[in-house]
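Chemist: need a 3D model of the sequence below.
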Amino acid sequence: MDVESAPNPAKPRAPPERSHRCRNICISLVVIFVLIVVLIVILAFTVFKAKHPVTTVNSVKLKNLQASLGIAPIGLKLNVTLDVDLSVKNPNKAGFKYGNSTALLNYRGEQVGEVAIPAGKISADQTKQMNVTLTVLANRFLSNPQVITDYLSGVLPLSTYTKMSGKVTIMGLFKFRVVSTTTCDLSLFVSNRTVGNQQCKYKTKL
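Modeler: Below you'll find the predicted structure:
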């Protein structure tokens, strides 16, 4: 006599209300996540948008000037040291971290001095003061045939060039590379050992 096996009991289905609730929670979480991402992107490119750091040459002062004109043989002995006061303003809502930089001293288009600016960081909305000392490389300076004429006229035309490269990190997610350069033309008056006629140009790349 064959005995019929009892059918397997059907698995109980989840209540419709519970299923709808889980789906609604998942949809809500996805919507919230998308809104947060959109908000972060909007803030990163509006309120927290990377701005240009501003490098300003506040003053250029003559720290030392020793010059003498030899007769036999004719030649100029020159030693010039300049104190350059710089300030870098970070207008961003995040810190500006820059690497090792340089400040150059040029005479009639030729580099005659250089000084290193060590790496550092400028906090958000802060201005950092820097003071660097530029010493003229006498051999390069005196190799220019116009130096004696300029010295006798009482005015030495010089220019400074400062370049700073770094990064601005917005909200820990977006990184922007920034390069700021400053060029200043100035006149060094030999008679009273002062600096004047200073004109500066600024340029920044993001």
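Chemist: per-residue pLDDT, Tyr107?
Modeler: pLDDT for Tyr107: 88.
Chemist: for Phe174, that is, sorry about that
Modeler: 69.
Chemist: so Thr133 is in which element?
Modeler: Taking DSSP states H and E as the definition, one finds Thr133 inside strand 126-135.
Chemist: buried ones in that strand, by neighbour count?
Modeler: Neighbour counts using 16 or more other Cβ atoms under 10 Å place 128, 130, 132, 134-135 of strand 126-135 among the buried residues. Bear in mind the C-beta positions are built from the backbone N, C-alpha and C, glycine included.
Chemist: next: stretch 194-206.
Modeler: Across stretch 194-206, burial judged by 16+ other Cβ under 10 Å covers 195, 200.
Chemist: touching that stretch from outside, list them.
Modeler: 50, 52-57, 60-62, 82, 176-189 (Cβ atoms under 8 Å, 6 or more residues apart in numbering).
Chemist: gap between it and the chain center?
Modeler: 15 Å (Cα atoms, centre = their mean, to the nearest Å).
Chemist: circling back to that earlier point, what helices and strands are in contact with the strand holding Thr133?
Modeler: strand 75-90, strand 101-107, strand 110-117 (3 or more Cβ pairs under 8 Å, 6 or more residues apart in numbering; DSSP states H and E).
Chemist: mind telling me what element Trp148 is part of?
Modeler: Quick fix: residue 148 is Ile, not Trp. Short version, using DSSP H and E: Ile148 is in helix 147-153.
Chemist: what residues of that helix count as buried?
Modeler: So helix 147-153, judged by 16+ other Cβ under 10 Å, has buried residues 147, 150-151.
Chemist: what's the answer for stretch 168-187, then?
Modeler: For stretch 168-187, by 16+ other Cβ under 10 Å, it's 168, 170, 174, 176, 178, 180-184, 186-187.
Chemist: which one of these is nearest to Cys22?
Modeler: Phe174 (34.9 Å; Cβ to Cβ).
Chemist: and the strands in this protein?
Modeler: 54-70, 75-90, 96-98, 101-107, 110-117, 120-122, 126-135, 155-170, 174-189, 194-205 (DSSP state E).
Chemist: restricting to C-alpha, output the fourth one in CSV.
Modeler: Just to be clear, that refers to strand 101-107. Extracted C-alpha coordinates of strand 101-107, given in CSV (Å, rounded to 0.1, in the frame of the first residue of the first chain):
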residue,chain,number,x,y,z
SER,A,101,60.4,78.1,-3.6
THR,A,102,63.0,80.6,-4.8
ALA,A,103,63.4,84.4,-5.1
LEU,A,104,65.6,85.7,-7.8
LEU,A,105,67.4,89.0,-8.4
ASN,A,106,68.0,90.1,-12.0
TYR,A,107,70.0,92.9,-13.6
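Chemist: partner strands of it and their direction?
Modeler: Strand 101-107 pairs in its sheet with strand 110-117 (antiparallel), strand 155-170 (antiparallel), by DSSP bridges.
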